[in-house]
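Peer 1: Please work out how this folds:
(2 chains)
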2 protein chains.
Amino acid sequence: MTASKAADFSEWYQEVLIKSGFVDYTEVSGCLAFRPAAYGAWEIFSRAVDSEFKKDGIENVYFPMLIPEKFLSKEKEHVEGFAPEVAWVTGAGDTEFSERLAVRPTSETIMYPSYSKWIRSWRDLPMRYNQWNSVVRWEFKHPTPFIRSREFLWNEGHTVFASEEEAYRERDAVLGIYTRMLAEYLALPGIPGRKSEKEKFAGAVASFSVEHVMPDGWAIQGPDFHLDGQNFARAFEIQFLSKEGSKEYAWQNTYAVSTRELGVMVATHGDDKGLILPPKVAYVQIIVIPIYKKENREQVVGYAGRVLSKLKESFRAKIDDREGYSPGSKFSEWELRGVPLRIEIGERESSSESVTIACRDTGKREALQFEELERGCADALSLIQKRLYEKAEKHLKESIHEVHGYEQFKGVLSEKKGMLHAPWCGSTECEDRIKEETGAKITNIPFDQSRLGGVCILCGKKAVKMANFARSY
Amino acid sequence: MTASKAADFSEWYQEVLIKSGFVDYTEVSGCLAFRPAAYGAWEIFSRAVDSEFKKDGIENVYFPMLIPEKFLSKEKEHVEGFAPEVAWVTGAGDTEFSERLAVRPTSETIMYPSYSKWIRSWRDLPMRYNQWNSVVRWEFKHPTPFIRSREFLWNEGHTVFASEEEAYRERDAVLGIYTRMLAEYLALPGIPGRKSEKEKFAGAVASFSVEHVMPDGWAIQGPDFHLDGQNFARAFEIQFLSKEGSKEYAWQNTYAVSTRELGVMVATHGDDKGLILPPKVAYVQIIVIPIYKKENREQVVGYAGRVLSKLKESFRAKIDDREGYSPGSKFSEWELRGVPLRIEIGERESSSESVTIACRDTGKREALQFEELERGCADALSLIQKRLYEKAEKHLKESIHEVHGYEQFKGVLSEKKGMLHAPWCGSTECEDRIKEETGAKITNIPFDQSRLGGVCILCGKKAVKMANFARSY
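Peer 2: Here you go, the predicted structure:
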C-alpha cells in the first residue's frame, strides 16, 4: 500500500480494493471481477438478508434479464429515470430484432405484466416477491468500484398489497431488516429516513433510504424502499377483486440493497495496511502462520497443523506455510487482505501448546492455551466485529452537524464536510438552490425529528422538517 | 389438467408447468418467469451443490455479464460454437458502442483474461473458481420451458491446474457431486459418460456428461464437465512459473449444471393430476386442509392450527383454510401444485387428536396420532423421495436397450425409443451416418463398458466402445 486513507481517500480506496485481491478491474469499464473474498462477503450478507426476508414471508422468484422496450416505456416517470442508462440488445447471432430488449436496469416492467395476469382477487394478496440478480445501468460518469458500477448485484423486492396501510406497514419491516443486517454483518451503521420529493425514485410515491457517511465526509445512499402507491398498478393494470366485490388497483412497494455496501464496508473499516474485513463476512477469519527454522520446522509446522484442524471445526481458517517468505512479509500480506485474526506459532508456542493471536484492527497480541483456542478466537472475533461497528458509529455521529443559518451551513460544509442536520421549510425551491450553491443535496429527512425547530436555513420560513444535507456520491 | 402424460407428453409437460403455477411464459419468448416453487427448488438444489463444491475446495466468484466481442473471438472453436446464439448489446442510452458486447452465453472469455493476470506461479494453483449466474443463448428453434430456454440459471466452474493429471482428477469429484445431488435432491438418476468427439464442447479436449431419459423416451443432456487441456490457456496466455522454474501453460476444466434439471424433474415425476415435487426441494412439503361444517368450524380449524404450528418446526408446511372452496377442489389444487404430503383434518381427527396423511405419489392415506406427527411426516416424506428416485431409476433402466446390428438398432429405436446401448467402431463417419439415417446421436459413451464386445452396428468393424445412441432434446 502506498496511498494514505487520510490524505488521499479516493486513491487509497482504489488501491486497497485491487492490491488486497478483493476485486479486479476488467476490460469492461465499470464492471468488476469479484474475487472470492468479495463474492464471499456478499454471499454471507445476502443470505442473511434473504433468511430474514423469508421469516417475514417474502418469497424468491426469478424473471428474465431482458425487457422488451415497449414494457420499459409503460410508466412514464420510470422510463425517463432509466432510459439514459439502459444497455440495449438489438439482435442475436446475425439476426436484428424488430424490437430492442433492455438489459434490466431494474425489473418492475418485466415483472408487472405477469403480476397483472396472476393477481385476480384479494385472496392472491399480499404477493411479496423478491429476486436476487444483477442489473446493468450504463453510467457515463467515471465509474468507481462498487460505488458507481455499471453492473451490480442486488435484491429487488416487488410486493403487492390490497391496501395502502398494509403496503405502508412493510416499510418498517424491510428497512428494519436492512439496518440490522448491515450492522450485524458488515458492521455498518446508517441513518434511515425519507427521501425528498426531488430525490425520490422514478415512479414512486415516496422513497426511503438508509444513508451512510464515507471516511471522506461524503454521504452515500445505502438500501432503499419505495412506496409506489398505485402508479405501476395503473400503468400495468394490476387489479384485484376486493372482498366486497369491487375491482381495485393494487398497492405496491419495491426495495433493494446492493453490492455497493461492499464498497462502503471496505471504505469504512480499512486502514493504511489494507482491508479490515468484519469477522462475520470475512472469507478467511483466521490465518495461521508458523514461524520456524530448519531445525524446528517439523515440530512447529506439525503443531500448527493441529491448531488449524481444531480451528476449522468452528471458523473459516487457513494456514500460510509457504516456503521462501519471511514471517513479516506474510503478516503484511494477510493484513492487506483484511483477515481479522492472525495466529502466530513459533518455537515457544509449539513447546507450550499455546498460540499467539493478533487482532487486525488494533494489532493487539495475546497468548492463548490450546484448550482455550475455540473460545478465545470466538471472543476475539466477536470483539473485533463489535469494535468495527462502534468505530463506524462514532464516525457517523461525529459526521453529523446540526446547523442553523445559511452561513453556518456553508462554513461547516467546507470545513468539516459530513452531514448537515438543518431546519428546512420543505420546498423544492430551497432544496434546489442549496444544492446549486453548495453542492449539498438532501440525503434524506431522518426519521429522528427530535431536534425539529427554528427556521429554514435558506428562506427563513418556519421549518417543517430537519433534513440531512451532504455532498453525496 | 386436460392433457395425458402418456398420450401427449409434450402438451402435458407445458400444461403442467403453467397450470401448477410453477413457471409462466413472459413476453420475451424463450425466457421464463420462475415462480416461488420453481425458484425455491433451484435454490435448494443449487445451494446443496454449492455446499459440496465448497467442501471440495471450489470457490465462488462473480464476473461481468457483458463480454467485449474481441474477447469472445479469442478461441476459434469456442466462438464458432457460440456466435450464432449470442445476444449483442450495441449501445446504451443514446450512445452507440464502438465495440459490441455479448451478453454472456458462458464466461470463459471474460474470466480468462483476468486469470492470465492473476496466475503467476505454481503457488497460485490450483485456482478453482465457480460462479452462479444466468446466461443467454438465443436459440432460434422453438423454445421449450427449461429444456430449451434462451436464458437459464446455472453454475459455471472454471478451474486451473498446474498439471494435466490434477485437472483430470477433478472430473470424478465434480461429476460425483452432480450425480449425487441430482439423485438426493431432485430424485433424478442419470448415465455418466464421455461425449464423442463430434458432440464435445466448443473448445474442449474432452467432454463428459450425465444423460437422462425423458418419459417420452428421448434423451436429454444433464450436467457436463469439460477437460479444456491447454486450449484456452494458449488463447488467453494463462501461464505459470513451475516449481522447476520453467514457464508453462496451465490446464483447465469447465463444468455446469443448469435449471434444465427442473424441467427433467417435472417431466420425470409428474402425473396426470399435475406436478409431483420431490420432498427435499418441494416449496411446500405439507399442506394442511381442515374439513369442517359451520357447527364444528372452530374446533377443527383450531386444531388444524395447532397441527400447522407443530409441523412448521420441522417442515415447509402451509394451511389452506380458504372459505368457499370444497375440500375436493383444494385436494385437486394442491395435487396439481405437486405438494408431496397432504394432511386432512376433520371432525374425527380433531376429536381424537390425530391426522390423516395422504401421499401425493401413491395416493395412499394413513392415520397418525398428534404425538407421531413429526416422525410420521418425516418418514412419509423420505419414503416419497425414495419412491420417486426408484421409479425414475426403473424407467431409466428399462429405457436402455442393448442392440447388436443396424436393423435391430432401427427397429428398437422406432418401437421402443429410449437409449440404445450399441457397439461402435469409434469413427465419426459411422456416428454421422447413423444420426443422418435414424435421427439418433451419441448421447455419451458411458463409463460402464462392462458389455463391450461385438462389432460396430454400422460398419461391422471391431467395436472399441459401447456407445449410447438416442434421439435427444
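
Peer 1: can you tell me which residues contact the residue of the stretch 101-250 of chain A at minimum distance from chain B?
Peer 2: For the stretch 101-250 of chain A and chain B, the shortest gap (CB to the nearest CB) falls at A:W138, measuring 3.3 Å. C-beta: built from backbone N, CA, C; applies to glycine. Shown in contact with A:W138 (CB atoms under 8 Å, 6 or more residues apart in numbering or on different chains): A:G30, A:E85, A:V86, A:A87, A:R150, B:A92, B:G93, B:T95.

Peer 1: wouldn't the fourth one be in contact with B:V89 here?
Peer 2: Put plainly, it is A:A87. Yes - here A:A87 reaches B:V89: they are 4.9 Å apart, a contact under CB atoms under 8 Å.

Peer 1: For the two, list the residues in contact with both.
Peer 2: With CB under 8 Å, 6+ apart, A:A87 and B:V89 have common neighbours A:V103, B:L66, B:L101.

Peer 1: What pairs with the one helix or strand the last one maps to, parallel or antiparallel?
Peer 2: Following DSSP states H and E, one finds B:L101 within strand B:95-103. Here the strand partners of strand B:95-103, with direction, are listed using DSSP bridges: strand B:66-68 (antiparallel), strand B:87-92 (antiparallel).

Peer 1: ok so, going back, ramachandran angles for the residue of the stretch 101-250 of chain A closest to chain B?
Peer 2: phi -80, psi 80 (degrees, to the nearest 10).

Peer 1: Can you tell me, leaving aside adjacent residues, what's nearest to it?
Peer 2: Using CB to CB, 6 or more residues apart in numbering or on different chains and skipping the chain neighbours, the partner closest in space to A:W138 is B:A92 (3.3 Å).

Peer 1: Just want the residue of the stretch 251-400 of chain A that's nearest chain B.
Peer 2: A:R322 (6.5 Å).

Peer 1: Next up, the contacts around that residue.
Peer 2: A:K330, B:R123.

Peer 1: next one: phi and psi at it?
Peer 2: According to degrees, to the nearest 10, A:R322 has phi -60, psi 140.

Peer 1: So it versus A:W334, what's the distance?
Peer 2: Distance from A:R322 to A:W334, counting by CB to CB, to the nearest Å: 12 Å.

Peer 1: where does A:A83 land in three-state SS?
Peer 2: In the three-state summary, A:A83 is assigned as helix, counting by DSSP: H, G, I helix; E, B strand; the rest coil.

Peer 1: what's the closest non-adjacent residue to it?
Peer 2: Nearest to A:A83 is B:G93, by CB to CB, 6+ apart, at 6.7 Å.

Peer 1: Would you check that that neighbour makes contact with A:P84?
Peer 2: Yes - counting by CB under 8 Å, A:P84 is a contact partner of B:G93 at 4.4 Å.

Peer 1: Could you verify that A:T106 is part of a helix?
Peer 2: No - assessed with three-state DSSP, A:T106 is coil; it does not lie in a helix.

Peer 1: Now for it: which residues touch it?
Peer 2: So A:T106 contacts A:F82, A:V135, A:E156, A:T254, A:A256 (CB under 8 Å, 6+ apart).

Peer 1: Which of the residues you listed fall in strands?
Peer 2: A:V135, A:E156, A:T254, A:A256 (DSSP state E).

Peer 1: mind checking how far the nearest residue to the second one once chain neighbours are set aside is from B:A467?
Peer 2: Spelled out, that is A:E156. Nearest residue to A:E156, sequence neighbours excluded (CB to CB, 6+ apart): A:A256, at 5.1 Å. Relative to B:A467, A:A256 is positioned 50 Å away (CB to CB).

Peer 1: Likewise for A:K76?
Peer 2: A:K76 is 59 Å from B:A467, by CB to CB.

Peer 1: A:I289 now?
Peer 2: 53 Å.

Peer 1: Over to A:K318?
Peer 2: Distance, A:K318 to B:A467, using CB to CB: 45 Å.

Peer 1: before we move on, what about A:S207?
Peer 2: Distance from A:S207 to B:A467, by CB to CB: 61 Å.

Peer 1: Between the two, which has more neighbouring residues?
Peer 2: B:A467 (28 against 23; other CB atoms under 10 Å in any protein chain shown).

Peer 1: unless I'm mixing things up, the more buried one is touching B:D448, no?
Peer 2: No - contact criterion CB under 8 Å: B:A467 and B:D448 do not qualify, at 11.9 Å.

Peer 1: Ramachandran coordinates for A:R169?
Peer 2: Dihedral angles (degrees, to the nearest 10) for A:R169: phi -60, psi -30.

Peer 1: What count of nearby residues applies to it?
Peer 2: A:R169: 13 neighbours (other CB under 10 Å).

Peer 1: go on, A:E295?
Peer 2: Using other CB under 10 Å, A:E295 has 8 neighbouring residues.

Peer 1: per-residue confidence at it?
Peer 2: According to the prediction, A:E295 has pLDDT 94.

Peer 1: quick one: it is in a helix?
Peer 2: Yes - counting by three-state DSSP, A:E295 is located in a helix.

Peer 1: what's the distance between it and A:G302?
Peer 2: Plainly put, A:E295 is 14 Å away from A:G302 if you go by CB to CB.

Peer 1: Turn the contacts of A:T106 into CSV, columns for pLDDT and neighbour count.
Peer 2: Output for these, formatted as CSV (pLDDT from 0 to 100; neighbours: other CB atoms under 10 Å in any protein chain shown):
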residue, pLDDT, neighbour count
A:F82, 87, 21
A:V135, 98, 21
A:E156, 98, 21
A:T254, 98, 23
A:A256, 98, 22
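
Peer 1: Dump those to a markdown table, plus distance to A:K397.
Peer 2: Listed next are those as a markdown table, based on distance: CB to CB, whole Å:
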| residue | distance to A:K397 |
| --- | --- |
| A:F82 | 35 |
| A:V135 | 33 |
| A:E156 | 31 |
| A:T254 | 30 |
| A:A256 | 26 |
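
Peer 1: Spatially nearest residue to the residue nearest the centre of chain A (excluding sequence neighbours)?
Peer 2: For chain A, A:E261 is the residue whose C-alpha lies nearest the centre (CA atoms, centre = their mean; 2.0 Å). Closest residue in space to A:E261, ignoring its immediate chain neighbours: A:L186 at 5.8 Å, by CB to CB, 6+ apart.

Peer 1: Test my guess that A:V205 contacts A:G229.
Peer 2: Yes - A:V205 is in contact with A:G229 according to CB under 8 Å; the separation is 3.7 Å.

Peer 1: Measure how buried A:K293 is and give me the count.
Peer 2: 9.
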